[in-house]
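Visitor: Following is a predicted model, sequence given first.
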2 protein chains.
Amino acid sequence: MSTSSAAPPAKPPMRDALVAAAFQLFLERGYEQTTVDDIVALAEVGRRSFFRYFPSKEDVVFPDHESCLADMTAFLAAGESDEEPVRRVCDAARLVLRMYAENPAFSVQRYRLTRRVPGLRAYELSVVWRYERALAAYLRGRFADLPDGTLRADVIAAAVVAAHNNALRSWLRSDGKGDAEAAVDHALACVQTAFADTPARPAPSPFPPESPRPDDVVVLVARRDAPLWQVVRQFEAAQGESR
Amino acid sequence: MSTSSAAPPAKPPMRDALVAAAFQLFLERGYEQTTVDDIVALAEVGRRSFFRYFPSKEDVVFPDHESCLADMTAFLAAGESDEEPVRRVCDAARLVLRMYAENPAFSVQRYRLTRRVPGLRAYELSVVWRYERALAAYLRGRFADLPDGTLRADVIAAAVVAAHNNALRSWLRSDGKGDAEAAVDHALACVQTAFADTPARPAPSPFPPESPRPDDVVVLVARRDAPLWQVVRQFEAAQGESR
DNA sequence: GCCACCTGTGGCACTGAGTGCAGCCGACAG
DNA sequence: CTGTCGGCTGCACTCAGTGCCACAGGTGGC
């Protein structure tokens, strides 16, 4: 909340000192083998102050995610309503990548840490989940008048996050050597093209599970270069969907 | 591990007693307001025994996920190699739904609990994540020789999980009144059709990530009872025009 | 110069989750 | 009757996280 405001002037040095001390100890003796008391002793501050800056021991490992999430939310809120929604959420995901790419060494260290420690993995999941919900909330708004709007929104948000993470992790696994931007661009492009071309889904029959029986026609949407058997199967599936 | 073995003979009654006692207290005074000591007091067992059956307080809320995950893993491992991979993971996801649908009342109660308690939400995420990784691991195997195999696998696994959860949660929000199977079938069908028709993605890896690719589609409208040959001819005609 | 006041900090004690250890008891084999 | 074996229990301990209060330093009013 506080760090997302317009002014990024004097950072509290104590917070950074705690992060530095924590990572030093985490790396040299492991996360679980390091107590909060150890951290505050090294940083030479009171134990109580640690919990003033971080609500939990896990939070010190992800010191910048809170502000990044705020940035993403602001970015989505500032979007023009004529922009392609999927492109917009892909761009939002790139914000997260940028945060990681700003500090490759730190990101790689943290990645190794979260891979090894189950508790940190779980915590990271909850962080990622909040990003995903932000994307999904935006898409739900944009898809509000589409048949399966919330379903589409949730699925696309999940796909974008998965693609982003796939590229990000392969970059982290390479010790931050390759081109992270390019990898994420490629992954997101795949998702974008997979979803941008389904203005209304291929649509098995009725849109919501219980809808007042549309006419007795089926609507198929298929890529122009789709193999014929695929179209046939799609049609047959839609045919069978009558009840 | 122990519950997934072939023999499901005499269940330990103590485990069930603990679950029952825990939920009774969680519902009447809340999760965080209930201590483990309260639970074991109500169940009339020793405190130490609680942690013999559940590694943490959160685990008592999801007593059956461990075995369900084992079932899913077994289901995926038993798959024939000629089955459509996406269909297979959709069917695997249905296993989870079935577990929820077996005990609608219990599932709805738990859903309300996890919605309200951040700690439980986080724990649920780690559970869901393990399902997702199981699906992704299967798909990675099936897509091993495709260009972006792991990317496709991760994205599809995430999409399947998201679709499943979307339907599951809307069913849970309706107090388990509607038809959960139908809702999930519908959601999964959307994902399945969205991904089944991209055997090789639009852009193979080394391609310029931002290929505009208007990526045209054809839209067919046909009577439900139309003969198949008619639909095929219609599709071929649409394919031919403007190309 | 003095006094409220506010904010950031440290110290202390407390709750509650989770663990290691040792003892207890009932079952079962000899 | 006796040994021992596995599940159960109580006890003591560590550590994360919280509430409360006390203290320092800077600020503005008087």
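Guide: Looks like it came in fine.

Visitor: For the rest of this, base every contact and every neighbour count on C-alpha atoms.
Guide: Noted.

Visitor: which other residues reach stretch A:163-175?
Guide: A:93-94, A:97, A:104-105, A:107-108, A:111, A:177-180, A:183-184, A:187-188, A:191, B:150-151, B:154-155 (C-alpha atoms under 8 Å, 6 or more residues apart in numbering or on different chains).

Visitor: Can I get the buried part of those as one ChimeraX selection?
Guide: Remark: buried members of the contacts of stretch A:163-175, expressed as a ChimeraX selection using 16 or more other C-alpha atoms under 10 Å in any protein chain shown:
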select /A:93,94,97,104,107,108,111,180,183,184,187,188,191 /B:150,151,154,155
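
Visitor: Those residues of chain A touching DNA strand C, which are they?
Guide: Contacts of chain A with DNA strand C, taken as C-alpha under 7 Å from any atom of the strand, map to A:12, A:14, A:44-49.

Visitor: I'd like to know which of the residues you listed are buried.
Guide: Buried among those (16+ other C-alpha under 10 Å): none of them.

Visitor: So for the spatially most central residue of chain A, what's the nearest residue that isn't a sequence neighbour?
Guide: Centrality entry for chain A: nearest residue to the mean C-alpha point is A:Val161, 4.0 Å, by C-alpha atoms, centre = their mean. Nearest residue to A:Val161, sequence neighbours excluded (C-alpha to C-alpha, 6 or more residues apart in numbering or on different chains): A:Glu132, at 6.4 Å.

Visitor: SS state for the one you found?
Guide: Assigned by DSSP: H, G, I helix; E, B strand; the rest coil, the conformation of A:Glu132 is helix.

Visitor: So it is in contact with A:Ala157, correct?
Guide: Yes. Using C-alpha atoms under 8 Å, A:Glu132 is in contact with A:Ala157, at 5.8 Å.

Visitor: okay, those two: which has more neighbours?
Guide: Neighbour count, other C-alpha atoms under 10 Å in any protein chain shown: between A:Glu132 and A:Ala157, A:Ala157 has more, with 29 against 22.

Visitor: That one contacts A:Leu135, correct?
Guide: Yes. Using C-alpha under 8 Å, A:Ala157 is in contact with A:Leu135, at 5.6 Å.

Visitor: which residues are common contacts for those two?
Guide: Jointly contacting A:Ala157 and A:Leu135 under the rule C-alpha under 8 Å, 6+ apart are A:Val89.

Visitor: where exactly do the strands run in chain A?
Guide: Counting by DSSP state E, one finds strands in chain A at the ranges A:217-223.

Visitor: quick check: domain ranges of it?
Guide: Using automatic domain parsing, the domains assigned to chain A come out as A:1-61, A:62-199, A:202-243.

Visitor: List the residues that contact the spatially closest residue to A:Arg47 that is not a sequence neighbour.
Guide: Excluding its sequence neighbours, the residue lying closest to A:Arg47 (C-alpha to C-alpha, 6+ apart) is A:Val40, at 5.6 Å. By C-alpha under 8 Å, 6+ apart, the contact list for A:Val40 reads A:18, A:21, A:46-47, A:50.

Visitor: Could you do A:Ala134 as well?
Guide: Counting by C-alpha under 8 Å, 6+ apart, A:Ala134 makes contact with A:72-73.

Visitor: at 7 Å instead, please
Guide: A:Thr73 (C-alpha atoms under 7 Å, 6 or more residues apart in numbering or on different chains).

Visitor: give me the low-pLDDT residue ranges for chain A?
Guide: Where chain A drops to pLDDT under 70, the residues are A:1-12, A:196-243.

Visitor: in it, which spans are helices?
Guide: A:13-29, A:36-43, A:47-53, A:65-77, A:85-102, A:104-116, A:118-142, A:149-173, A:180-196, A:228-240 (DSSP state H).

Visitor: out of the ones you listed, deepest packed?
Guide: helix A:149-173 (a mean of 24; mean count of other C-alpha atoms under 10 Å in any protein chain shown).

Visitor: quick one: that one to helix A:118-142, angle?
Guide: If you take axes from the mean of the first three to the mean of the last three C-alpha atoms, to 10 degrees, helix A:149-173 sits at 140 degrees to helix A:118-142.

Visitor: So what's the gap between helix A:149-173 and the chain middle?
Guide: 6 Å (C-alpha atoms, centre = their mean, to the nearest Å).

Visitor: same question, stretch A:134-146
Guide: That offset, for stretch A:134-146, works out to 15 Å (C-alpha atoms, centre = their mean).

Visitor: between the domains of chain A, which gets nearest to B:Leu27?
Guide: Comparing the domains of chain A against B:Leu27 with C-alpha to C-alpha, the closest turns out to be domain A:62-199 (24.1 Å).

Visitor: Say whether DNA strand D is contacted by that closest one.
Guide: No. Judged by C-alpha under 7 Å from any atom of the strand, domain A:62-199 stays clear of DNA strand D, getting no closer than 10.2 Å.

Visitor: try stretch A:46-54
Guide: Yes. Under the criterion of C-alpha under 7 Å from any atom of the strand, DNA strand D is reached by stretch A:46-54 at A:48, A:51.

Visitor: Any figure for the gap between the closest residue to A:Pro63 other than its chain neighbours and DNA strand D?
Guide: The shortest distance from A:Pro63 to any non-neighbouring residue, by C-alpha to C-alpha, 6+ apart, is to A:Val19 (7.6 Å). Taking C-alpha to the nearest atom of the strand, to the nearest Å as the measure, A:Val19 and DNA strand D are separated by 14 Å.

Visitor: ok, now how distant is A:Val19 from A:Ser67?
Guide: To A:Ser67, A:Val19 is 16 Å away according to C-alpha to C-alpha, to the nearest Å.

Visitor: can you check A:Leu76 too?
Guide: Counting by C-alpha to C-alpha, the gap from A:Leu76 to A:Ser67 is 14 Å.

Visitor: Over to A:Gly119?
Guide: Counting by C-alpha to C-alpha, the gap from A:Gly119 to A:Ser67 is 22 Å.

Visitor: Using a markdown table, lay out the residues of chain A next to DNA strand C together with distance to B:Val89.
Guide: A markdown table is the format used below for those (distance: C-alpha to C-alpha, whole Å):
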| residue | distance to B:Val89 |
| --- | --- |
| A:Pro12 | 48 |
| A:Met14 | 48 |
| A:Glu44 | 52 |
| A:Val45 | 51 |
| A:Gly46 | 51 |
| A:Arg47 | 48 |
| A:Arg48 | 48 |
| A:Ser49 | 48 |
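
Visitor: measure the spatially closest residue to A:Ala122 that is not a sequence neighbour to B:Gly119 for me?
Guide: Spatial nearest neighbour of A:Ala122, excluding adjacent residues (C-alpha to C-alpha, 6+ apart): B:Ser126 at 5.6 Å. Applying C-alpha to C-alpha, the value for B:Ser126 to B:Gly119 is 11 Å.
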